[in-house]
Every structure is written in structure tokens, then in C-alpha cells.
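[1] Any chance you can model this:
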Amino acid sequence: MHARIYHNPACGTSRNTLALIRNAGIEPEIIEYLQTPPTRAELMEMIWNAGLSVREAIREKGTPYADLGLGDPVLSDDALLDAMLQNPILINRPFVVTELGTRLARPSELVLDILPDTHKGPFSKEDGEEVIGADGKRLR
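    Next up, the predicted model:
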């Protein structure tokens, strides 16, 4: 199966998501979106396919969100997308795209919804939370 992750290696959620994909036996295409942001069309497609609004796809914490006034409810989706493309740190992460769908993997275990049930064994997040049991099955 082909998988693509829009990844930030400095983000624990993104690292956990990448590890979950690999635990399923898949080596994904990794796009470090801060260096190589998606195109406008790719970003819109990911947001749409994940069932999100543009506002739901914006990251507020640790970004220029407030400084740019992006909380203003009158801003259009186009204005928000423009801001996200000009400042990729505003794109929430990690987005994962597979043949089974697209997810904003927050929390990281949401990626399991779009992965095959082919886990190689147990998996725990960096903080120790168990996600996959010894039998290779999802715990929650």
C-alpha cells in the first residue's frame, strides 16, 4: 500500500504517526511540509478528503495564527488557505493519505482508520501509551 505523510520531525504526534504507519509494514512517502509545502490544490484536497473545514486544518499553537488575525470569523477559506501556504507552520499535522482515505492524525492513532490491519506487533507512543497490543490489534 502506498501512504504519504505530511510530516514534521519535531512534532511528537507526527513521529508517532510515522511509527504507526511503519508498524503496519508500510514505508511511506515522507514529505517534510515545512520545507516542501503542498500546493493549494493538494492542501484543499487533503482538507476536503479528511472531512474537515479549512479552519479545522489550521494549527494555532506555536504559529503566527494570532499575530495574523486568523481567528477573525469573517476571513474566507481562500484567505485562510493563503495564510497556510505562505506560512506552512499553520498547516496542522500530520496529514496522511492512503488508498483507504485521508486523515489529520491528531491524535496519532486516527491514522489506523486508513491503514490495513497488518501491524507487526505491539506499539506504544513516545509517552508510553499503548495503541497496538501484542496480537497486533488496536487496543482502543
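
[2] Quick check: Asp113 is in a helix.
    Yes: membership of Asp113 in a helix is supported by DSSP: H, G, I helix; E, B strand; the rest coil.

[3] Below-threshold pLDDT in this protein: ranges please.
    For the chain, no stretch has pLDDT under 70.

[4] Output the longest helix belonging to it.
    Assignment by DSSP state H gives helix 12-23 as the longest helix of the chain.

[5] For that helix, what is the distance to the chain centroid?
    10 Å (Cα atoms, centre = their mean, to the nearest Å).

[6] which residues touch that helix?
    For helix 12-23, contacts defined as Cβ atoms under 8 Å, 6 or more residues apart in numbering pick out 3, 5, 7-9, 28, 30, 93-94, 96, 105-109, 111-112, 115, 119-121, 123, 125-127, 131-132. Yep, even glycine has a C-beta here, placed from its N, CA and C like the rest.

[7] hang on, Val96 in a helix?
    No: judged by three-state DSSP, Val96 forms no part of a helix; its state is strand.

[8] hang on, it packs against Ala105?
    Yes: Val96 is within contact range of Ala105, at 5.4 Å (criterion: Cβ atoms under 8 Å).

[9] OK, contacts around Gly69?
    Leu75.

[10] and Glu29, backbone torsions?
    Dihedral pair for Glu29: phi -70, psi 120, per degrees, to the nearest 10.

[11] On the strand side of things, show who it bridges to.
    Arg4 (DSSP bridges).

[12] Buried ones among the contacts of helix 12-23?
    3, 5, 7-8, 28, 30, 93-94, 96, 105-106, 108-109, 111-112, 115, 119, 123, 125, 131-132 (16 or more other Cβ atoms under 10 Å).
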